[in-house]
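1. curious how this folds, go ahead:
(3 chains)
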Amino acid sequence: MTASKISSRSTIVSLLIGAVLVVLLGARINSLENYTFARVVQDFLNALTLGSLYALIALGYTMVYGIIRLINFAHGEIFMLGSYFAFYAMTLTPLPWAISLLVTVLLGGTVLLVLRSLFNLEEPKRTFVLSLIIFGGTFFLLTFRKMGWVEGLALSMLATGVAGVLLEAVAYKPLRGAPRESMLITAIAASFFLQNFGQLVFGARVRGFNAQTILNKPLNFHIGPETVYFTGILVVVPLITALLLWVLNMFVSRTRLGKAMRATAQDAEVAQMMGVNVNQVIALTFFIGSILAAAAGVMYAIRFGQIHPLMGLMPGIKAFTAAVIGGIGSLPGAVLGGLLLGFIEIYVVSLFPTLSAYKDVFAFVLLILILLFRPSGLVGEDLTEKV
Amino acid sequence: MRDYLLTLVSVGLAALALYFLTVSEGSSGLLSALTLIFIWGIAAISLNLINGQLGILSLGHHGFMLIGGYVTALLMLPARERRPFRTRLLSDWARNHLDLDKWLRGLGLDVLANSIDAKFIIALFIAGLAAALLGIIVGAPSLRLKGDYLAIVTFGFGEIVRLLPNAPEVASFTNGPLGIKGIPGAAGTIWWTFLALLLVLWFFSRLKFSSYGRAFEGIREDEIAAEAMGVNLAYHKILAFTISAFFAGVSGGLYASYLQSVDTQTFNFFVTFFLLVAISLGGLGSITGALLGTAIVVLVRVYGGFLEQPNPAWVGYLSGAVLMLAAFGFSAYIRKARRLRPVIEPKHFIFGAVGAALLIVTIAFFKQPWMQQTVQFFGMRKMLLAVILILIMIYRREGVMGRAEFSWKLIFGPREDIPTDEQRQQDAWLSNPDLNPGLKEEGDDDASA
Amino acid sequence: MRKSLLLAVLVILGSFAFAQVKIGVNLELSGRFAAIGNQTLNGIKVAHMQMPKVLGQDVQLVICDDETTREGSIACAQRFVNEGVVGVLGAISSSMSIPAAEVLQDAGIIMISTSSTNPQTTQIGEYIFRMAYTDDFQGKLAAAYVIKDLGAKRVAVFRQIDDDYSYGLAGFFDATAKKLGAKTLIQDFVANTVDFTAQLNNIRGFKPDAIYYSGFCAEGAPFMKQLREQGFTQQVIGADASDDPQCPEGAGAAFDGWIFTGFATPNLIPDPEAKKRAEAFKAKYFAAIKDAKPGDFNGFVLAGADSYNVLVAAIKKAGTTDIKAVRDALANMEHYPGVSGDITYKGTDGTPKDRTIGFYQYKVKSASDWNKIELFGKSTAEVQ
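-> The predicted model follows:
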């Protein structure tokens, strides 16, 4: 969304800091016994997975902030909704055909309406084909087989995207033009609403998310005498994240709608004057951000095996911290921030076991430091208006 | 003069009413609700100073309250003689040195050391000071940052303070995540909180109508103009944070005494959210509004329990359907009355559609077992609070009172919409051409110069 | 003015006409302990169905959900003080029971915690009772089993640091284990932890022979999953909080083989008369609760039922609903024939004498296909 202008002075400073850190870490690794190369690899894989999940959620935060300068506190709850939609898709199917029909009509209808408005699909032929795919596909999936994690993921992404668009339409759109503090307060209220709505509708119990897939089979390999224990999910998550990032990048840089998004992020008024439908772009931003959060939600659920309505709180805050660290408003910044935060979390706890109680405190301290001393983040541009 | 008398009389009446409540049976529910209103009211008024009067969104208030609560707990705890085993919670250092009794006796103030009330006042004061220290630290970034970035920084501070007592290094003071239990509830908590609230109301109303208050509001309206007029931004901002934090700490201490225990979960972000709803509902920038909003919100929280009773599931579906359809109908009615087009907005149509769908589902599947089973409606009160806040933000951002304050003029003052006799006479004189030769009549305008 | 006076008089008269004995129920019905809370509630409800009246008046259960938070528990306790209940049943966990006990002791209302096992709960005052054994027994028994019967010399202990029950129990286990000559390493975690990589890394070098987990299922399920994924094959022993369907449902096949100590089910109760009563109650339970799965019935249900039974029996014995008299009757109760065993409060601080602790093992094929095997039961009287 924003160009990354890194001044040469700050680059040198960051490189110096990085070098010092590497030396310190090396010394620490040497001093620890039992810290074999296998452990390094193990931690690396764990950190990569966790970082990718944070990156996916952080992208949603950063995209919304880039366009309407709103910190969408409710994004963590979108993440939670994603896991729950997939959970219900996987456990409730196959549905009896009457209920399946009802759900298809309701869900499919909503999805169709939203997609039409998002992607300018006014042509009857395109609409007909799309509706055929959506209705037919949904009905087929719901009625005839028990959904596996892939179908669950796809359905959940679609449904959560729509949920994100609805959230924006109901809670944020009426406040366009209001002072930013009001929008922030509304976002916080929306977050609490969704949390408790989730508790009401999904039940406050923790639910087990058992994907029963190849992802959970152990794929251990040996490095020397030690074993590295990991399951398929540790490979799949970074791969899916990379795929989604690539698709997103293509979309933002190559398509017309993507260009419209970038224009709106730079200056909404001028973009509107140039003929961009700003409402549509904002709705599209929420749609894409929610899709990514849903993907993160499903993969998080598979990785840790359980979901509950309040699961979005901490990952949401951490992902937001990641977005700020990387540079809020910048897509590569969000990814960088997410990976960085994941690595810091895993490695600090691994190398300094006594500090594990402070795991969450780190994220907040980093957040405050970055906001105070480099509000533009590591990759973002200099935001003089903030200071 | 009349205003002072009226205020005194009403305070006296309120105190009398409270006294009757304390001695009458079966009113302990109302009493504890009132105590909560007073405690949260103090916290809300202190938050209102920053969010409302100064215009800076601060989301870290729960941190100040937590510090106040823990400091009060630590200072009051050794005074508890009834439960000797409790002192095992604190490390020896804390038990031997962090003892208010000892300090007072050391200073020769034995008479104070023997009175639990005096100790409570001192403990609250020290708690407020500790929170004020944190307030200075949290206020410092406000000099560099603005708007939502600053809000996030305050949120970060609030969360850091919330997580700190869990750390192993300070666990010997704070008993780690288990929290401190068995804090003596100060004798007659309702009176303590009532007095504290009166003090807070007096202090903040004096502050609001003083030069400091005007400076705060000037900073809220336009910082640069205020600075140009000679308002020292740094001094006033940090002052506001410090004062707000002090009273938040006091309120935290009162809450700790009310609950008779503290732990990090008691003062989590939901507390700040709760206070935000209270002051937004009442009116950002108004002290009366903060108190009013707190009263409403606390009553919802205390008496809303009936919303969360176990009921058959169809009750939930039916009430959801009724609410949605009512909202849809209401919005359509308002739009028709105000002659807005289109009468049925697409967004509101969704509410109607969902409501109708829920109704159909309720009727169609009424006999099904999953409709008839009893379900507990968790989280209804919090959801209600969130919905209230969203509705306020969308439809009436200034809340109930806006920035206005309560004053006796509203009740007893002269009515400014009805003309007084004097005004009537003057109007008659002005509009009577005989008495007022210079008056121009209608139609007599061609010759005007 | 006159109309409202009339109304008030009618209401007051009316309340006398519908005089009821109110019993408060303060349970964790939502949140992390919701499964155990609901099991206990079912036990109370079935017992209420068996004995709906006392002293000629109806018994009304006032149910309050403390949402698995201390604040919620205090709010429930205060609500019961206002409503004028004779006694309160609950809470389940010690963390929620202790704050409620403070409030109820000060107000002079009886409290019977159905399953709080931390010794501090009943030490708060003479109005506070419990239906469970205490953790000093549970910890000692578990340690003896792990070290003597399983032969473990090195035990890793996982405790939840922000919960009184888990923290206390781990302490008792650790003390006994050290006394029996084993080496222990304690690892801490907090509520809602899903990522145990840090703790598992720490015990890798310790090479434990067995692992003791004193926490709840909300964290236990991901803990077990990650434990097995990371290649730890040791036997894991848990405590009564793991007697919760959320564990096998959350962890799936990884939970297979988990042994835990818990509240006694009918088969493990040594006294044959008590066993008969328990079996009879079990039959009534499954008749009364529709869609009850076999895994839903456990010692918590029996504990809930007995809490109710014992309170009602005390009211009957006292012959009045005056709380002080009822409390005295309860405190002097001896050999009450409960469905969870013989209950004696006389001479104790509120903890019944000679409770039975059962040992169970989970056999889990998948998250939807699991059950518990009863291994054996031990009475607290046997433990020194």
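2. torsion angles phi and psi at the residue in the stretch 51-200 of chain C that chain B sits nearest to?
-> In the stretch 51-200 of chain C, no residue comes nearer to chain B than residue C:162, which is 3.0 Å away by C-beta to the nearest C-beta. C-betas here are computed from N, CA, C, even on glycine. Main-chain torsions, residue C:162, degrees, to the nearest 10: phi -110, psi 20.
3. could you check how many residues crowd around the closest residue to it other than its chain neighbours?
-> In space, and not counting its chain neighbours, residue C:162 is closest to residue B:177: 3.0 Å by C-beta to C-beta, 6 or more residues apart in numbering or on different chains. When counting by other C-beta atoms under 10 Å in any protein chain shown, one arrives at 22 neighbours for residue B:177.
4. repeat that for residue A:354.
-> Counted with other C-beta under 10 Å, residue A:354 comes out at 10.
5. and the one 5 residues further on, by the same measure?
-> When neighbours are counted by other C-beta under 10 Å, residue A:359 registers 19.
6. so is it in a helix, a strand, or just coil?
-> helix (DSSP: H, G, I helix; E, B strand; the rest coil).
7. could you count how many residues lie near the closest residue to it other than its chain neighbours?
-> Once flanking residues are discounted, residue A:359 sits nearest to residue A:349: 5.8 Å by C-beta to C-beta, 6+ apart. Residue A:349 has 23 neighbours, counted by other C-beta under 10 Å.
8. cool, residue C:120 as well?
-> With other C-beta under 10 Å as criterion, residue C:120 counts 22.
9. and it, what does it touch?
-> B:85, C:94, C:98, C:164, C:168 (C-beta atoms under 8 Å, 6 or more residues apart in numbering or on different chains).
10. restricted to strands, list those.
-> Within those, no residue falls in strands by DSSP state E.
11. what is the strand or helix carrying the residue nearest to residue A:359 packed up against?
-> According to DSSP states H and E, residue A:349 maps onto helix A:331-351. Applying 3 or more C-beta pairs under 8 Å, 6 or more residues apart in numbering or on different chains; DSSP states H and E, we find helix A:331-351 packed against helix A:8-31, helix A:37-68, helix A:233-254, helix A:313-326, helix A:359-373, helix C:197-204.
12. and residue B:219, what's its pLDDT?
-> With respect to pLDDT, residue B:219 scores 93.
13. what about the stretch 251-400 of chain B, any weak spots by pLDDT?
-> Within the stretch 251-400 of chain B, the ranges that satisfy pLDDT under 70 run B:305, B:309-310, B:346, B:374, B:376.
14. relative to chain C, which residue of it is the closest?
-> Per C-beta to the nearest C-beta, residue B:378 is where the stretch 251-400 of chain B lies closest to chain C, at 4.1 Å.
15. can you list the residues of the stretch 251-384 of chain C near chain A?
-> Residues of the stretch 251-384 of chain C lying close to chain A by C-beta under 8 Å from any C-beta of the partner chain are C:251, C:252, C:366, C:367.
16. the residue nearest to residue C:162 reaches residue B:266, doesn't it?
-> No. If you go by C-beta atoms under 8 Å, residue B:177 and residue B:266 don't touch, sitting 11.6 Å apart.
17. picking up where we left off before, how far away is the residue of the stretch 251-400 of chain B closest to chain C from residue C:38?
-> Taking C-beta to C-beta, to the nearest Å as the measure, residue B:378 falls 12 Å from residue C:38.
18. find residues that contact each of the two.
-> Shared contacts of residue B:378 and residue C:38, defined by C-beta under 8 Å, 6+ apart, comprise residue C:29.
19. and the two? Which one has more around it.
-> A count of neighbours by other C-beta under 10 Å puts residue B:378 above the other of residue B:378 and residue C:38, at 23 against 19.
20. smallest gap between the stretch 151-300 of chain C and chain A, at which residue?
-> For the stretch 151-300 of chain C, C-beta to the nearest C-beta, closest residue to chain A: residue C:250, 3.7 Å.
21. quick check, pLDDT for that residue.
-> Model confidence at residue C:250 (pLDDT) stands at 80.
22. one step back: in helices, which of the residues of the stretch 251-384 of chain C next to chain A fall?
-> Mapping these onto helices (DSSP state H) picks out residue C:251.
23. of the residues of the stretch 251-384 of chain C next to chain A, which is the nearest to residue C:258?
-> Nearest to residue C:258 among these is residue C:251, at 8.6 Å by C-beta to C-beta.
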